Structure formats: structure tokens, C-alpha cells
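Structure of the sequence below:
(2 chains)
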Amino acid sequence: MPSDSGEPAGSGEDIEPIETTTGESAMTAPAVVPYEGLDRDERRLAADGYRARLIELTSALLGDRMLSAPSGDNRERPDVYRDGIVIDAFDIAARCPRRYVAPSRNGYTDSVRNSRRRVGLVALRNLTENGGTPAEAVRAALADRSGWPVGLARWFEELDRGGRVALAASTTTWVVGAVRMVGTGSGTRWRPPFPKPAWTVPERLVRLTAAVDATAGSTNLGDRLLVLADRAPSPEDRLRAGFVALVWTVGSGRVPIRVALGSPATGRMQRFTVDSGLLDLAVDRTEELLAYRADPSDAPALVNRGCAQCEVLEDCSAGLEHIASYFEGPGSSDSSSVRAEPTM
Amino acid sequence: MSAMDVAAWLDGLGMRAAERQGSTALDSAPDAPELDDPQTISPELLNELRADLEATAAWCIASVPAAMRPLRLPKSRLADLSRCERMTVAKADAPSFDDDISPARFGGIALDRFVVHQLVAGRVLDPVTELRGALIAEGEWAALDYLDGLSDGEAQVALWPLVGAVTDAWSGIEAEWVPRTQSAAMLALADGAVICSGLLDVEFGGQVAGRPSALVEVKSGKPAQAHADEVYLYALLVSLRDGVAPAEVARWYPGGGPVAVPVSIGMVESAARRLSDSIEQWGSLRAGRPAEERPGWWCRFCPAADECPSARVDLPVDPDELADELAGGFGAAESESEDDDA
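Next comes the predicted model:
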């Protein structure tokens, strides 16, 4: 359970003062190990344990597949994005395994919506360092693109004035939403927009990635992580927080103590205390997704409301059946209707 | 108020806030009489409203099949529910419905972009090129196709009047108001099983600016009661999002000034009641209650018109309501996206 989702995030505060709650699960489930209060060596030791578990489960699932050593006649170095499996926090709550494993036909395209967070993080760092207004910080971020990822910079260069204005406006709105959630206090360290926290399983073409927008705390006391999302809070957020914590754990080699998921659109901040229960949940889900990706033909279709917009619908008999029943079922457009009584 | 532009309205808002602050300081003097401001929307009231909505949502969602969750209530659905339940269900089940671009909707889309441009970079100099650039950057391909389908002359004729109206009304706004465009405000209830969402055309002020908070909904049609209901809903959503009510909400129509209303207790309470009723209505429909058919001018835009025995595609269309129905603005982004949840 989130330790708090009941009240709006404290405007004008940074992450540090709002992270004030204690873990509940440690009190109710004795087998769960809380990481807050452990010293840095103990948290490192715990991280080593999670790395070992992920290496072990990867080996068990993949055997001699997806090895990162060059192979074949041309000895071309394999690429994890092209030849391997990347599990990102974005996918962690995917409902339908069949859709999750299907190659995306639409693919990723740069757009204002897909770019504003990354540009916004640069602007937030400007704002923290130089002060000024959010709009000024965004202008500075757009003017100095030296630290941008190549693809994003190239996309921006191709935009004309109207496109750049659209990006500036959307980014400013995003930045103000972030500031409204956590303020501009010095305790919040906005992360660079790239690279994402990631960990590649040693000697494997398997990588885990999760975006983290800001951190607070210290190596000694433990890291606190903040992730901002456009979506409203949902029951899957505990899993999302767990996966972010897991990637940070194995990527940095130290277990964080808290993960906060902020939703600027709702003003809600959910704070999750990191303990072994949260990380184990993420490990189990990682294993599940890895198994689907390793053997895509075994991934079952799990029908849901998203079937109507699913890009693999035409090749999915379960989805097609579901759509047919969905449009005939209770509450759907083909269910019975009645003529309203005249209201004159 | 038609002569007043947005900058003048904001100036007045700022001055009134400063005056109130001054009088509050005076009232707090030891010998000052104790006065209650009847329009103060307290955190306690907002908590009560949220608790009432939570209770409604929890009660409704219990009977809604899992496949129909989450219940999404963007502003367009609230308007549809007040017209015809069968149309509401049909539109919710027709995901491509929002892709249709009509001239009125295209005008709304362009108007929103020109307001954004005016606020961020000043006057639009070349509306066709700059709108095109914005649509490409946003990936708004349906609107871009529509624009590209117009001849240059048609596009210029359609767009220049909008540019003129935006320039007249939206110039000279101080940067200190920290304008934000297309800002999301959502209310998630019942652990995210019921979601009411809004996309605010323009937000000014607030804590980040140290000035009173104000919202403006940009409208390309003519004034209608439904528009007032929209901004009242936004006042509620922003109040619950920020924990503080905006000072005023306004609608702006090309050719006039902002039509502004102070946010009052009555406004947020009535918006909460309307939302609560809509949650019940939509929840019961998704739980299997037969949808009522209520024919009206909207029938000709209903995806179920061909099968619906009550459909009256011959009814005269109310031009003001029609403009509102078809003017989308950034509406596609506001409509429900089941895709995100799949």
C-alpha cells in the first residue's frame, strides 16, 4: 500500500520534507525486510543479492540464448535493443502478454508529448541552478542543446517556429506541474533526462530500465526517488514503484529507501517505502515478462478494454471474440436501450 | 466586458487580490470586527466534496464489470450524458469517432494553437505555416491532413480572422502570470477506477506565480450554458488538484473579452453534484442499465443513428450547440485513451 495518497503534494516543498512516513508492510509481515535504517554496506549487500537473483532467473529462462558475446560468422557485436530484451518501467503493468510481446507496428515517434518531460528535466535543472521563471528555464533548455540526446536534438532541429512554440508551451506546463508537486528546494536533485537508470544482466542481452525524475537523500542515509507520471494514480502503482526501485537497486548497486510517484494532474503523491516485499514483487513480474519475451509464442492473450485499440487485434482471435462480446454485453452500445419519456 | 482583453482582466484580478490582502491585514488588527468571507472555499469543504465523490464512485463501481473499468468521464462525456445516453454509449464504443475533423473542429484546434503561440512567442505571423508546424510537432495527423486538404486561399481565409481575434484579446499579458496551456486536471476516485479529466486551455497565476489563480477556456462557438458548466467543472478539478480554489474562471470567445466568474462555494458544490450524478449515470449504464434514447439535433452526429429507432436526423441543428459539439480544440487529448491502460 502506498504510505500516503490522501493529500495533495506539498507545494513549495522538495522531496525531502514530504517523505515523512514509515513503512507499514514491515510491521504487518515479519518476513519483509525494510531497507530504511540499514547502513550503506547493508543496502549494498542487499543489492548484490538482487543482482544475483536476476542473473540466476535469467539463466534459468534463457539458457544459452541472448548471450552478449559476438557470435556467428560475421562476429558482429549484438545490440541489446536490436537483438535482446529490454524491460522498461513503462511496460511493467502491461495487461495483455500477447500485446506486450508483439513488435510495435507504430513504433516510437518524437513528438511534443514524448519530448516535453526530457526537455522539462533540463529546464528544472536550470531553474534550480539559476532561478527565474519556468518559461525562462525552458527557453534556456531549448537554446542550449549540447546535452540533449542526439535523436531528440535532431527532431528539434527539424521543427519550424510553430513546432518549437508548441514544445516550449507544453514543456513549460510540464515544468510548472513538477514544481507544483515538489517545489524548487535544493533537497531535490532533478536528474538529467538521459541516460535512464538501467542495468544490463552481465553477459546477456537483457536490460532493465526505468525513468527517474529526481532524487533526494544521500548514499549514507539512502536514496529517495521521484517519478512523475501523466496518468492518474492506479492500483498498479505499487508494482511500478517496485520496478523503479529494483532497477535503481541493481543499476546503482544500492537499495533506495523510498519511491514517490507523483501525479501532477491530480496533485497526488504516493510514497512507497522500499522493502523486500516491494522488490520481490518487481522481481516476480520481471521474471514473468522476461519469460513472455523469451518465448513470445507462449504469451497468452488477456482480453481487456484496450483490445478495441490494440494493434495486434486482427491477428488475435481472443481479442476479436472479446470485442464481439463486449459490444453485445451489458453496458455496451448494442445492449438494450429504451426511448426516454417526453419531458415536456 | 467585451471591450476588456485578457491582460486587463488579469490586472483587475491582481488588484482585487491585493486589495483583499490589504483589507485582511486591516481586519486582523486587534480591534477589527471578525468577518467571515462567505466565498472562502476552505480545505475542509474541498475534503468534504472529495469524500462525497469518493463515496458515490465506490458505490457505483461495485456493479460495473471489470471489462468496463475504469469509468472515464472527460468533459465531453458529461455533455453527452445530458443529451442522450445511447449516443454516449455509442460514442464511447466508437474509438475512431474523435478522429473526424470538421471545419468547426478545425477552427477550434487552430484557435487553441494561436492562443498558445501568442502567449509563448507573440503574434502569429504566418498562420498556415505556424499551425502546420505545431500540428506536426504534436503528431496531430488528422488535423494536419485537414489543413493540407485546404487550398492556400481557403486556409488563409479560415485562419486569419482567428489570428486577429487572438492578437486583440491575448496581447500584453505579463510573464509573471506564468501562463500554462493545455494543463491537465484529473480527479481519480475509487483507487483509480473512476477518472474525471479535464484539459485546461490556459491557466494563470497560482502558487508558482505568487498571484491569484485563474483559468480560461477558449471557445470557438457562441456562448452556451454547457460552456459555463465546463468551466465550473474545471474550477472543481483544479480546486481538488491544488487544494486551493482558483480565484476566477473565464470563457473566451473570439471577438470579445473573457467572460469571467469568481469561483464560489456554490459553483464548486454544484459542479460536484453534477459530477456525482454523472458518475452514477455512467456507472449504471456500464453496469447494464438500458440506455435511454433521447433524440435531438445531435442524432445526426451519433454513431448509432443508423440502428437507433428514436434517431431524428431531420431535427434542426442549433448552430451554437453545433459549433460547441464540433469544436475540438485539444479535445482528442482529453478524450479517454484506453490504449494507455492496455
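
how many other residues sit next to the nearest residue to residue B:257 once chain neighbours are set aside?
Using CB to CB, 6 or more residues apart in numbering or on different chains and skipping residues adjacent in sequence, the residue nearest residue B:257 is residue B:4, 3.9 Å away. All C-beta spots, glycine's among them, are computed from the backbone N, C-alpha and C. Neighbour count for residue B:4, taken as other CB atoms under 10 Å in any protein chain shown: 16.

Need the three-state assignment for residue B:4.
coil (DSSP: H, G, I helix; E, B strand; the rest coil).

Quick one, grab the pLDDT at it.
At residue B:4, the pLDDT value in this model is 75.

Contacts only, for it.
Residue B:4 makes contacts with B:12, B:257, B:258, as judged by CB atoms under 8 Å, 6 or more residues apart in numbering or on different chains.

Give me the subset of the residues you listed lying in helices.
With helices defined by DSSP state H, the entries of those inside them are residue B:12.

what about burial for the contacts of residue B:4, which qualify?
Listed as buried from the contacts of residue B:4 are B:257, B:258; burial here means 16 or more other CB atoms under 10 Å in any protein chain shown.

Alongside chain B, which residues does the stretch 51-200 of chain A contribute?
Counting by CB under 8 Å from any CB of the partner chain, the stretch 51-200 of chain A comes close to chain B at A:94-96, A:99, A:109, A:111-113, A:133-135, A:159-170, A:172-173, A:176-177, A:179-180.

swap the cut-off to 7 Å and go again
By the rule CB under 7 Å from any CB of the partner chain, the part of the stretch 51-200 of chain A lying against chain B is A:95-96, A:99, A:109, A:111-112, A:133-135, A:159-163, A:165-170, A:172-173, A:176, A:179-180.

From those, list just the buried residues.
Among those, those classed as buried by neighbour count (16+ other CB under 10 Å) are A:96, A:99, A:111-112, A:133-135, A:159, A:161-163, A:165-170, A:172-173, A:176, A:179-180.

Which ones among those lie within helices?
Those of these mapping onto helices are A:99, A:112, A:134-135, A:161-163, A:165-170, A:172-173, A:176, A:179-180, per DSSP H.

Secondary structure element holding residue B:72?
Using DSSP states H and E, the element containing residue B:72 is strand B:71-74.

Buried residues, that strand. List them.
Neighbour-count burial for strand B:71-74 flags B:71, B:72, B:73, B:74 (criterion: 16+ other CB under 10 Å).

Next: stretch B:198-214.
Using 16+ other CB under 10 Å as the test for burial, stretch B:198-214 gives B:198-209, B:211-214.

where does the stretch 1-150 of chain B come near chain A, residue by residue?
Checking the stretch 1-150 of chain B against chain A by CB under 7 Å from any CB, the hits are B:65, B:67-68, B:86, B:89-90, B:93, B:95, B:116-117, B:120-121, B:129-134, B:136-139.

Would you mind checking the residues you listed for buried ones?
By neighbour count, with 16+ other CB under 10 Å, those hold B:67-68, B:86, B:89-90, B:93, B:116-117, B:120-121, B:130-134, B:136-138 as buried.

What residues are bridge-paired with residue A:258?
residue A:224, residue A:273 (DSSP bridges).

Settle this for me: it is touching residue A:224, isn't it.
Yes: Residue A:258 lies in contact with residue A:224 (CB atoms under 7 Å); the separation is 4.3 Å.

which residues touch the residue of the stretch 1-150 of chain B found nearest chain A?
Closest to chain A within the stretch 1-150 of chain B is residue B:133: 2.8 Å, counting by CB to the nearest CB. Contacts for residue B:133 (CB atoms under 7 Å, 6 or more residues apart in numbering or on different chains) come out as A:159, A:160, A:161, A:162, A:163.

one more time with 8 Å
A:159, A:160, A:161, A:162, A:163, A:164, A:165, A:166.

Wait, a strand at residue B:184?
Yes: assessed with three-state DSSP, residue B:184 lies in a strand.

I'd like to know how far it sits from chain A.
As defined by CB to the nearest CB, to the nearest Å, residue B:184 lies at a distance of 4 Å from chain A.

what about the helices in the chain?
With no chain named, the answer covers chain A. Remark: helices assigned in chain A by DSSP H are A:15-18, A:25-28, A:40-62, A:80-83, A:97-101, A:112-130, A:134-143, A:150-158, A:161-182, A:237-252, A:276-294, A:317-328.

oops, I was thinking of chain B
All helices of chain B, identified by DSSP H, fall at B:6-27, B:43-61, B:75-83, B:85-92, B:103-121, B:127-138, B:141-149, B:152-170, B:225-242, B:265-286, B:319-326, B:331-334.

I'd like those helices written out as TSV, with distance to residue A:76 added.
As requested, these are arranged in TSV below (distance: least, CB to CB, whole Å):
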stretch	distance to residue A:76
helix B:6-27	59
helix B:43-61	53
helix B:75-83	51
helix B:85-92	49
helix B:103-121	46
helix B:127-138	36
helix B:141-149	36
helix B:152-170	50
helix B:225-242	51
helix B:265-286	53
helix B:319-326	54
helix B:331-334	42
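
Residue A:153: which of those is closest?
The closest of those to residue A:153 is helix B:127-138. By CB to CB, the value is 14.4 Å.

what mean pLDDT does that closest one have?
Mean predicted confidence for helix B:127-138 is 97.

How about the contacts made by the residue nearest to residue A:235 when sequence neighbours are not counted?
Distances taken as CB to CB, 6+ apart place residue B:191 nearest to residue A:235, at 5.6 Å, with adjacent residues excluded. Shown in contact with residue B:191 (CB under 8 Å, 6+ apart): A:233, A:234, A:235.

Would you mind measuring from the last one to residue B:78?
It stands for residue A:235. Look at residue A:235 and residue B:78: by CB to CB, to the nearest Å, they are 25 Å apart.

Please say which of the two ends up with more neighbours.
Taking neighbours as other CB under 10 Å, residue A:235 and residue B:78 compare with residue B:78 leading, 23 against 10.
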